[in-house]
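Colleague: what's the 3D shape of this:
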Amino acid sequence: MKFNILIIDDEKNIREGLAESMELEGYNPILAKDGKEGLERISRGDIDLVITDLRMPLVSGEEVLEQVNAQSPGLPVIVLTGHGSIDSAVDAMRNGAYDFLTKPLNLDRLGLIVKRALQNRQLVLQHRELQHELESKQTFESIIGKSAEMQKIFDMVRRVADSKASVLITGESGVGKELIANALHNLSSRKDKPLIKVHCAALTESLLESELFGHEKGAFTGAISRKRGRFELAHGGSIFLDEIGEIDQNIQIKLLRVLQEKEFERVGGEETIQVDSRVIAATNKDLVEQIKKKQFREDLYYRLNVVHIHLPPLRERKDDIPLMVTQFLQEFAEENNKNIIGIDAKARRLLYSYDWPGNIRQLRNCIESAVVMSQGDTIQVEDLPPTIAESRGENAVHIPLGITMAEAEKAIILENLAFFKGNKSKTADSLGIGRKTIHRKLDDYLATDERESQE
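Modeller: Numbering: from 1, shown residues only. Predicted structure coming up:
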């Protein structure tokens, strides 16, 4: 991406000198001879940074800054001033200027300020773009996913949500199985009835039986009154059985009956209770393997697994990480009253390349920690938890000693291209270079390989 730098100065020599300097830095300079012409050019909306003199006829630099803040908030403005007007420059900084320089100009220092301002602007724009994408792509309440894998799951959820079929959701811990259960219920005609959730692994056999089916007064020590079970409470709605692979064989038999006959008795009771509740179950275990080990009933498995939805781990759908990071960043910044505009490029690369064994839950906790630890408006590498910040060796490009800079550059580009599965846009963004540069480099490598093969 070639940035457009607007240079506003009533002195022709300064305008043209700055333009030449910006061209050498790889930017596209656009010139305006006064503030009025500069504001007209800014109104087109394609300017990335403004360099303006303070003292100009018609419209001053102060007025340019005021108009930019009102009409193009976030557009960085660098103010140029003479030694006698430093107080005015300081006032400009208070009014939103990014930085100021005194004349005669130190072009090297100006170049560094411009580079830093544009990097900061990129962070802001990327954050806004991801927020917009998050709003347009976000589906099923808090489920975030634009990857092809998640789009297939969303489509399946839409198709089966209003059926009476039992659904088995599988996937590693932390991938969002409960969110899919919520979506199945909320997109169904049962949405106005309760969605009752039971975390099976958290209860002993006796407690789980009582929780699921209820009990009569005096059924066991401590049963001082009748209690309705979760299936009863879910009548007309849905029941979500999380970690279904953890339930005891005795409970499995009773659960099978509910699925087959739609009826049960409370613990210690004789009355048969009819129930109409849609069953959604989830597990991070391989139930087929559990069946082979005689730890899970095969007939129950087939009753639960009428529709199977498998959620892939986060490492297999890394396209969704930027959206998740954006949402979590916004959520925790608001929660902690912090003004965080984005994430430093190095920290962002670590977040995107890390494999996240704890999946979405781990990523969410990581962003919360980073927001709490951050001392500025941008998340830095040192703000990340140690396990993430110290993971720089993972997915690394290994450059052997003794090779040329051109060979090292080629290795870096090709390794990143392979990591992003041939996606040139993501490769360019990761390396901080333009897509045209990536295309040109790859064409050069191809041409070189062809010449060498013919020699």
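Colleague: correct me if wrong: Ile169 contacts Asn284.
Modeller: No - judged on CB atoms under 8 Å, Ile169 makes no contact with Asn284 at a distance of 9.9 Å. The way it works is simple: take the backbone N, C-alpha and C, and place the C-beta from them, glycine included.
Colleague: need the overlap of contacts for those two.
Modeller: Lys177 (CB atoms under 8 Å, 6 or more residues apart in numbering).
Colleague: which one's more surrounded, the two?
Modeller: Neighbour count, other CB atoms under 10 Å: between Ile169 and Asn284, Ile169 has more, with 27 against 18.
Colleague: how is the more buried one assigned, secondary-structure-wise?
Modeller: What DSSP: H, G, I helix; E, B strand; the rest coil gives for Ile169 is strand.
Colleague: got a pLDDT number for it?
Modeller: Here, the pLDDT recorded for Ile169 equals 97.
Colleague: which residues does it form beta bridges with?
Modeller: Ala282, Ile309 (DSSP bridges).
Colleague: give the contact list for it.
Modeller: Lys177, Ile180, Ala181, Ile280, Ala281, Ala282, Thr283, Ile309, His310, Leu311.
Colleague: ok, now Leu311?
Modeller: Ile153, Ile169, Thr170, Gly171, Glu172, Val175, Gly176, Lys177, Ile180.
Colleague: which one (most neighbours) among those?
Modeller: That'd be Ile169 among the contacts of Leu311, by other CB under 10 Å, with 27 neighbours.
Colleague: pull up the gap between it and Asn69, please.
Modeller: Distance, Ile169 to Asn69, by CB to CB, to the nearest Å: 49 Å.
Colleague: and Tyr27, by the same measure?
Modeller: 22 Å.
Colleague: the two - which one has more neighbours?
Modeller: Legend: neighbour count by other CB under 10 Å for Tyr27 and Asn69, higher for Tyr27 (20 against 15).
Colleague: against Asp320, how distant is that one?
Modeller: Distance from Tyr27 to Asp320, by CB to CB: 34 Å.
Colleague: try Ile247
Modeller: From Ile247 to Asp320 the distance is 31 Å (CB to CB).
Colleague: who has more neighbours, these two?
Modeller: Each of Ile247 and Asp320 has its neighbours counted (other CB under 10 Å); Ile247 has more, 25 against 21.
Colleague: which ones are touching the more buried one?
Modeller: Cys200, Leu208, Leu241, Leu255.
Colleague: over to Leu442?
Modeller: Here Leu442 is in contact with Ile413, Leu417, Lys424 (criterion: CB under 8 Å, 6+ apart).
Colleague: between the residues you listed, which is closest to Lys193?
Modeller: Lys424 (49.4 Å; CB to CB).
Colleague: for the residue nearest to the closest one when sequence neighbours are not counted, give its distance to Lys346.
Modeller: By the measure of CB to CB, 6 or more residues apart in numbering, the closest residue to Lys424 outside its immediate chain neighbours is Ile438, 4.9 Å from it. For Ile438, the distance to Lys346 equals 20 Å [CB to CB].
Colleague: for the two, indicate the residue with more neighbours.
Modeller: Using other CB under 10 Å, the more surrounded residue of Ile438 and Lys346 is Ile438, with 19 against 13.
Colleague: doesn't Ala428 make contact with that one?
Modeller: Yes - with contacts counted by CB under 8 Å, Ile438 reaches Ala428, the gap being 4.7 Å.
Colleague: torsion angles phi and psi at Thr272?
Modeller: The phi and psi values for Thr272, taken as degrees, to the nearest 10, are phi -90, psi 130.
Colleague: what's the closest non-adjacent residue to it?
Modeller: For Thr272, the spatially nearest residue (CB to CB, 6+ apart) is Glu263, at 5.3 Å.
Colleague: list the residues that contact Ala234.
Modeller: Lys193, Pro194, Leu195, Ile196, Val275, Ser277.
Colleague: separation between Glu211 and Lys285?
Modeller: From Glu211 to Lys285 the distance is 20 Å (CB to CB).
Colleague: could you do Ile224 as well?
Modeller: For Ile224, the distance to Lys285 - CB to CB - is 36 Å.
Colleague: more neighbours, those two?
Modeller: Lys285 (14 against 8).
Colleague: what sits against the more buried one?
Modeller: Lys285 neighbours (CB under 8 Å, 6+ apart): Gly245, Glu246.
Colleague: what are the phi and psi values at it?
Modeller: Per degrees, to the nearest 10, the backbone of Lys285 is at phi -100, psi 160.
Colleague: try the one 3 residues further on
Modeller: Backbone geometry at Val288, expressed as degrees, to the nearest 10, gives phi -60, psi -40.
Colleague: now for it, how many residues are close by?
Modeller: 11.
Colleague: use 43 as the first number from now on
Modeller: Yes, from this point I'll number from 43; that puts the last item at Val330.
Colleague: what's the closest non-adjacent residue to it?
Modeller: Nearest one to Val330, counting by CB to CB, 6+ apart, is Tyr343 at 7.6 Å.
Colleague: what helix or strand is that neighbour on?
Modeller: For Tyr343, the element it lies in under DSSP states H and E is helix 340-346.
Colleague: picking up where we left off before, out of the contacts of Leu484, who's nearest Arg86?
Modeller: Nearest member of the contacts of Leu484 to Arg86, counting by CB to CB, is Lys466, at 28.6 Å.
Colleague: mind listing what the closest one touches?
Modeller: Counting by CB under 8 Å, 6+ apart, Lys466 has contacts Leu459, Arg477, Ile480, His481, Leu484.
Colleague: before we move on, the earlier item: possible to save the contacts of Ile211 as TSV with distance to Asp52 and pLDDT?
Modeller: Formatted as TSV, the contacts of Ile211 follow (distance: CB to CB, whole Å; pLDDT from 0 to 100):
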residue	distance to Asp52	pLDDT
Lys219	65	94
Ile222	63	94
Ala223	66	94
Ile322	70	97
Ala323	74	97
Ala324	69	97
Thr325	72	96
Ile351	66	96
His352	66	96
Leu353	62	95
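Colleague: just name the closest of these to His277, please.
Modeller: Ile322 (15.2 Å).
Colleague: buried set for the helix or strand where that closest one lies?
Modeller: In the assignment (DSSP H and E), Ile322 maps to strand 320-325. For strand 320-325, a neighbour-count test (16 or more other CB atoms under 10 Å) marks Arg320, Val321, Ile322, Ala323, Ala324, Thr325 as buried.
Colleague: quick check, Lys452 in contact with Ile480.
Modeller: No - using CB under 8 Å, Lys452 makes no contact with Ile480, being 11.9 Å away.
Colleague: please parse this protein into its domains.
Modeller: Here the domain parsing of the chain from automatic domain parsing is 46-176, 190-354, 358-431, 447-496.
Colleague: chain center to the shortest one, what's the gap?
Modeller: This means domain 447-496. 26 Å (CA atoms, centre = their mean, to the nearest Å).
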